[in-house]
Each structure stands twice: as C-alpha cells, then as structure tokens.
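Student: what's the 3D shape of this:
(one chain, ligands or ions: 1)
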Amino acid sequence: MNIMVTNDDGIHAAGIRALAEAMAELGTVTVVAPDRERSAVGHSLTLHSPLRIFELHAGWYAVDGTPTDCVNMGIHNMLPIKPDLVVSGINHGANLGDDITYSGTVAAAMEANLMGIPAIAFSLATYEPSNNFTDAAQIAVQIARQVITNGLPSDTFLNVNIPDYPGDRILAPLITRQGKRSFIGKIVDKTDPRGRKYFWVGSEEPHRNDEPGSDFHAINRRHISITPLHLDLTNHKSIPILSEWAF
Ligand code: MN
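Tutor: As a prediction, the model looks like this:
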C-alpha cells in the first residue's frame, strides 16, 4: 500500500505526525502538506503564484500552498506511483455539518476523490489543546483498514470526526449524514493601535442542531462519526420543481 498523508493545519501540527506514524502500519507513507496552517481555505487552488517543495526529511514534503495544491503536487509530481489511499488530518477541530464547506482538511480528501483515489478526512472534535491525537490515529488506522478491505462505493469519500477522549472512552463509529448548524457567530469589531477599525470572524461557537442521524448527534454522544460524502452538489429534489417554471 502507498498512502499519502496531508492536512490543513500544516506539516508541523501534532495531528499529521500522529496520523502519518500510525498509517505506517498499513504501508509506505508519504507526507505532502502545507508549510504552515491553512485551515478554512476550503478547496482553493494556487493559480497566480509558483509553488515550491521543501523536503524536511525522508518522505516528508512541505509545500507553500493549500491542501488541494498538496494533493495535486503529491500525486502528479512527487509520489513515484499513484497512492492507494489519501488521508487528510488529523485536523485539530471538528469538521461537522455545513462547516465542511470551509474545511481544507475535507477539501484535500475531495481533491483525491476527484482524481479517483480513495480518500478519508479525519478530524478531532475539539478546539481545546488535546493529547488524544495518538488514540485518534489508531482509530484512523482501523477505519482506513476497512476502506482498503471493502473499497469505497463509487464517487464516495469519507469525513470522519473523532471525539476528543482517550481511546477507551470513545464509542463505536456511527454512519451519519451531514448535519446543519445555525450560524450565530459574531464578527468582532475593534480598533487597532493606529486608530483603524479591524474585524475578526468566527469568534463564537456556532449553535449545532442535534438531530438524530447527524454527525453532530454522534459526536455529542462520544461516538465516532463517519459521513460518506460526494461531490454532486445538485439539489435533485429541485429539478422537477424548477423544470415547471417558465424560464
Ligand atoms: Mn485545520
């Protein structure tokens, strides 16, 4: 097995180290990750500036680009052969509900999926400092093993969120759907030392709808959440409705 590991917290984050070390149990690991934190860049691609690669040590490459750039660079330019699996994370912070559309962690898995490679995004559901990345990485290996054994359904990649507890306190994985959140996050409005206004987004935890079957519901109950995602954003239910309109 050839496994590519990436993330959006940057190559120096604790989560990617734990994930890369644990994945070595399943095969040869190559890390291609942003040289600094790139959280919330979503699926962005660097088009208007060059990209550079820095080899930190054997099999560990930092790229001065986004997670999506890393997947592209890794697969087209750096890995000797196409990887059998791309894993992204372990993100420090949950990627649940509508928030996944901002996530660089999830976007990296999305990019691999676009390239026809099985892919999993892993996140640790906490914004506090955490010591549980090693336990979460063991869970990631078990999930990756299932993906390798069974093969993912077509057009599917996985968004996995792991509760922030020691491994023996985490409950079994639930297959979930993407939940909803109501955004009530304020934008902080202050004045800088030179008298100019500045604004800071996302200062508040959003309210999370705790609907049964959702990713939020699983995580709130200490379960691992596994959400199968696909890239078709079409609202299929709306097609017959809009087809009746007199465009
Ligand atoms: Mn992140």
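Student: when you work out contacts or count neighbours from here on, use the C-alpha atoms and nothing else.
Tutor: Fine.
Student: which parts of stretch 13-30 are buried?
Tutor: Within stretch 13-30, the residues that count as buried by 16 or more other C-alpha atoms under 10 Å are A13, A14, G15, I16, R17, A18, L19, A20, A22, M23, V29, T30.
Student: what about the helices in the protein?
Tutor: Ranges of helices within the chain are 14-23, 67-73, 104-114, 133-150, 215-220, 238-243, based on DSSP state H.
Student: output those helices in JSON lines, with mean pLDDT and distance to F122 appended to each entry.
Tutor: Rendered in JSON lines, the data for those read as follows (pLDDT from 0 to 100; distance: least, C-alpha to C-alpha, whole Å):
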{"stretch": "helix 14-23", "mean pLDDT": "98", "distance to F122": "9"}
{"stretch": "helix 67-73", "mean pLDDT": "97", "distance to F122": "14"}
{"stretch": "helix 104-114", "mean pLDDT": "98", "distance to F122": "8"}
{"stretch": "helix 133-150", "mean pLDDT": "98", "distance to F122": "7"}
{"stretch": "helix 215-220", "mean pLDDT": "96", "distance to F122": "13"}
{"stretch": "helix 238-243", "mean pLDDT": "98", "distance to F122": "32"}
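Student: could these be laid out in a markdown table, adding distance to the ion?
Tutor: A markdown table is the format used below for the helices of the chain (distance: least, C-alpha to the ion, whole Å):
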| stretch | distance to the ion |
| --- | --- |
| helix 14-23 | 10 |
| helix 67-73 | 10 |
| helix 104-114 | 6 |
| helix 133-150 | 14 |
| helix 215-220 | 18 |
| helix 238-243 | 33 |
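Student: TSV please, covering the ones you listed and showing distance to G42.
Tutor: Shown next, in TSV, are the helices of the chain (distance: least, C-alpha to C-alpha, whole Å):
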stretch	distance to G42
helix 14-23	18
helix 67-73	8
helix 104-114	4
helix 133-150	22
helix 215-220	19
helix 238-243	26
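Student: before we move on, back to that, just the closest of the buried residues of stretch 13-30 to P193, please.
Tutor: A13 (31.4 Å; C-alpha to C-alpha).
Student: distance of that closest one from V32?
Tutor: For A13, the distance to V32 equals 13 Å [C-alpha to C-alpha, to the nearest Å].
Student: next one: A140
Tutor: 18 Å.
Student: between those two, tell me which one has more neighbours.
Tutor: A direct count of neighbours by other C-alpha atoms under 10 Å for A140 and V32 places V32 higher, at 30 against 26.
Student: up against the ion, what does this protein have?
Tutor: Taking C-alpha under 5 Å from the ion as the contact definition, the chain meets the ion at D8, D9, S39, N91.
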